[in-house]
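Participant: Build the 3D model from these lines:
(2 chains)
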Amino acid sequence: MKQPLKNSITHHLNNKALSNQQLKQLQALQVKPSKKTYSSYFKLATMASALLLSFILSFYYIQSVGFSTLSIEQRIAEEVAKNHLKLKPLEIKSNTLQGLSSYFKQLNFSPVNPNSISLSKQNLLGGRYCSIQGVTALQLRMINKKTNKVQTLYETEYDKLVFKHFPEMSKSGEPVTVYVKGMKIDMWVEKDILFALVE
Amino acid sequence: MFDQDTLNKLYRFSYSLTLNDSDAYDLLQNSLEKFIKNQSKKDNDLAFMYRIIRHQFIDDYRKNSKHQTLPFEEQEYIDFDVKTLESISIDADLIEQLITYLDPLEREILFYWAIEGYTTQQIADMLTMPKGTVLSKIHRMRLRIKQQFNEESVQLSSSTEGVSK
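Facilitator: Purely as a prediction, here's the structure:
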């Protein structure tokens, strides 16, 4: 039986249809994000991760540097007082500065006897390496013969980047004195060395 | 996103080009992937998708000679309207034979005419060719059908045959 061509073509092609599985596959293809979209998401995620990482690193950096409103004198005083209380074991025992100097060879400066303190009058016990505000330092432990108390003298190179604004003794005339936890800490700069004395 | 009916329509279009179920599916799938990559570039999704399928089919044809050869014809301008196809009636059992006999471009024209109901100008736009070329192809296709099939199988009504201006 003859039929109009249009009807025959329509009927013939309408018999052709995708199987359920093929339909599912094609529909799934459309649901999947395009590569372009995926790439955008990936870039965004990378940027967010980088931002988060930099935030975390900044946070830890600020914490490690000790971001605070404390002055440099106060920060040094807090640190040396804390060290002094611990009374860590001495690495070298000697009652002369000469004897101790031979031990401290890894310093960027030579241990010196400050003008304001005569170490010969003190009962020098020994010394050990330490650090002040991240700068390598030494500490000398001694007994004050007048008060019979243990004293710790810290010496480190006067790094102007780290200890900037720290008043030098020669200009102020007197050491900077700060009290921390009942302890008196005298700090001054002499011979390009930063000193801190804790008793 | 294309719904189930549209996907089936696109599949029928792919089939009308390839005349093979699995080739039609592959063609549709490859075209859909291309469409998704370039989705934001076009407003008319269906027309854009038809073009992608067509171009993909031509690309595949160039790579693979298993599809029948696309004839190159010098076209003379004959002002037949696409409606002249409506003058053709065919034995229902012979439709597959007829479709196989036609070349892909002719089948594409038939698809747009029969399934989409496009006018000659719309078909020309889809094929990106002058309207006169499309008319010429319709005329030639009609002649070829007439030559290939006897009068018992195919009837070309004289009432609608002729120039339509």
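
Participant: so what pLDDT did A:Ser19 get?
Facilitator: pLDDT for A:Ser19: 93.

Participant: what's the neighbour count on it?
Facilitator: 10 (other Cβ atoms under 10 Å in any protein chain shown). The C-beta positions use only the backbone N, C-alpha and C, and glycine is treated the same way.

Participant: same question for stretch A:157-169, mean pLDDT?
Facilitator: 77.

Participant: Next, the contact list for B:Asp21, please.
Facilitator: A:16, B:15 (Cβ atoms under 8 Å, 6 or more residues apart in numbering or on different chains).

Participant: Which of the helices or strands spans B:Thr133?
Facilitator: helix B:131-148 (DSSP states H and E).

Participant: Now do the helices in chain A.
Facilitator: Counting by DSSP state H, chain A has helices at residues A:5-14, A:20-31, A:35-65, A:72-86, A:97-101, A:169-172.

Participant: After the helix holding B:Thr133, which helix or strand is next?
Facilitator: strand B:154-156.

Participant: Give me the contacts around that following strand.
Facilitator: For strand B:154-156, using Cβ under 8 Å, 6+ apart, the contacting residues are A:2, B:87-91, B:94, B:98, B:142, B:145-146.

Participant: Any figure for the gap between A:Asn148 and chain B?
Facilitator: 86 Å (Cβ to the nearest Cβ, to the nearest Å).

Participant: Let's see the pLDDT reported for that residue.
Facilitator: 83.

Participant: Count the neighbours of residue 133 for me.
Facilitator: Here I'm looking at chain A. Neighbours of A:Gln133 under the rule other Cβ under 10 Å: 17.

Participant: Sorry, I should have been clearer: chain B.
Facilitator: Using other Cβ under 10 Å, the number of residues around B:Thr133 comes to 15.

Participant: Now do the strands in chain B.
Facilitator: Here chain B has its strands, by DSSP state E, at B:88-91, B:154-156.

Participant: can you list the weak-confidence ranges in chain A?
Facilitator: A:32-40, A:62-69, A:120-122, A:168-173 (pLDDT under 70).

Participant: on that earlier part again, worst mean pLDDT among the strands of chain B?
Facilitator: Of all the strands of chain B, strand B:154-156 has the smallest average pLDDT, which comes to a mean of 75.

Participant: what are the pairing partners of it, and which direction each?
Facilitator: Sheet partners assigned to strand B:154-156 using DSSP bridges are listed as strand B:88-91 (antiparallel).
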